[in-house]
Structures are given as C-alpha cells and as structure tokens.
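[1] what's the 3D shape of this:
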Amino acid sequence: MRLDNSDWGGHRVDLLRYLGRRVDDAALREDIVQEAIVRLLVYEAKPGIVISNVTGLLRRISLDLTRDHFRRIGRNRVVELSDDLPCQQSGIQERLEQRQLVAIIIDVVKAMPRLRREVFFRRRVEEQSAKEVAQALGISPGAVDAHIARAVLDLHLAIEKIEKRGGPVRG
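    Numbering: from 1, shown residues only. A predicted model of the protein is given here:
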C-alpha cells in the first residue's frame, strides 16, 4: 500500500500519542517518529514490498527505536551507590494526591460544555492549530481562542479551590 502525503499527519499524531506513554522527552519522541517514518519509506521503496498495516509497522519500528535508545543510554549511565541518594519514587501520600488531582481535573473537563471541551481537547491534546479547530468545528478562530480561555479559566479556578483547602486530600 503506497501512502500519499495526506496520510502522514495522522500517522505522526498517532505515533506521538503512542510514544507518549513510553518517552517523556517531547524532542526525543519527535526524533523517534521522524526516524520511524523514514525507515518505513525506505522499506516501502524496495521492489516487491507491500505494507498491509502501516500503523502497526510504524508502531513496531518506533518501539524498536525507543528500546534501542534506552539500551544505548542505559549502557553509558553509571550511578555510584550511596546512602545519600534520595528515592526517586514518590511516597504513597503524594501518589494518592496526584491521582485525586487528576480525577478532579477530569471532572472539571467533563463538566465543560461540549463545544468548549472539544475545542480544548483538539488544541491542547491533539495540538491542532486554532485555524484547524475552527474549520473542523465550523466556528471562527476567535471563538476557538475564547473557548480555550474559558477552559483554562475553569481549570485555574478548580486548582485555586484545591489549593485553598490544602490540596487534593482533605486533612
């Protein structure tokens, strides 16, 4: 299956989301996605090659590239053992507070009007431009900006309430 240029944007977004669960560094994610696409194009250009599942192959390539990257940096990393090294894992209380904070934010987003939530999701999660969101939803770019401002205000007010009561966990 030969791909045309219109397919790559969707594959790029899918791969970035897929790698988001595995790679924290946004620049590294972008590098892996670009390398995966280049490798797929090189493979696809070989005579007699037919790719039936582009998404699956791109994910496999990106997963292999991710593993290779972490193996390389893992071999080069040396950490001296010491009693002074702090534990990198957060405590149970902190993890509980983080989960509760996420649940509160999810509730705030769910409580938003449908259009505001859709605009917010497309702009902040899918990283679409205001123009793209406006065209997809049939509204003006100014309306997109207004919805984003209201969504951010909703989240800000919810966080203020949480901070006033002393955090996500009531003491």
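
[2] Can you give me the buried ones in the helix or strand of the chain with the lowest mean pLDDT?
    The least trusted helix or strand in the chain, going by mean pLDDT, DSSP states H and E, turns out to be helix 5-20, with a mean of 78. Buried residues in helix 5-20, counted by 16 or more other C-beta atoms under 10 Å: H11, R12, L15, L16, Y18, L19. For the C-beta atoms, the positions are set from N, CA and C on the backbone; glycine is no exception.

[3] before we move on, what about stretch 18-32?
    Y18, L19, V23, R29, I32.

[4] and what of stretch 92-110?
    Quick answer for stretch 92-110 (16+ other C-beta under 10 Å): E97, L101, I104, I105, V108, V109.

[5] thinking again about what came up before, export the least confident helix or strand of the chain to CSV, keeping only CA atoms.
    This file holds the C-alpha atoms of helix 5-20, laid out as CSV (Å, rounded to 0.1, in the frame of the first residue of the first chain):
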residue,chain,number,x,y,z
ASN,A,5,1.2,12.9,1.7
SER,A,6,-2.2,13.3,3.4
ASP,A,7,-1.7,10.1,5.5
TRP,A,8,1.5,11.2,7.3
GLY,A,9,-0.1,13.8,9.6
GLY,A,10,-2.4,11.3,11.1
HIS,A,11,0.3,8.7,11.4
ARG,A,12,2.6,11.3,13.1
VAL,A,13,0.0,12.2,15.7
ASP,A,14,-0.8,8.6,16.3
LEU,A,15,2.8,7.7,16.9
LEU,A,16,3.4,10.7,19.1
ARG,A,17,0.5,9.6,21.3
TYR,A,18,1.7,6.0,21.2
LEU,A,19,5.2,7.0,22.3
GLY,A,20,3.9,9.5,24.9
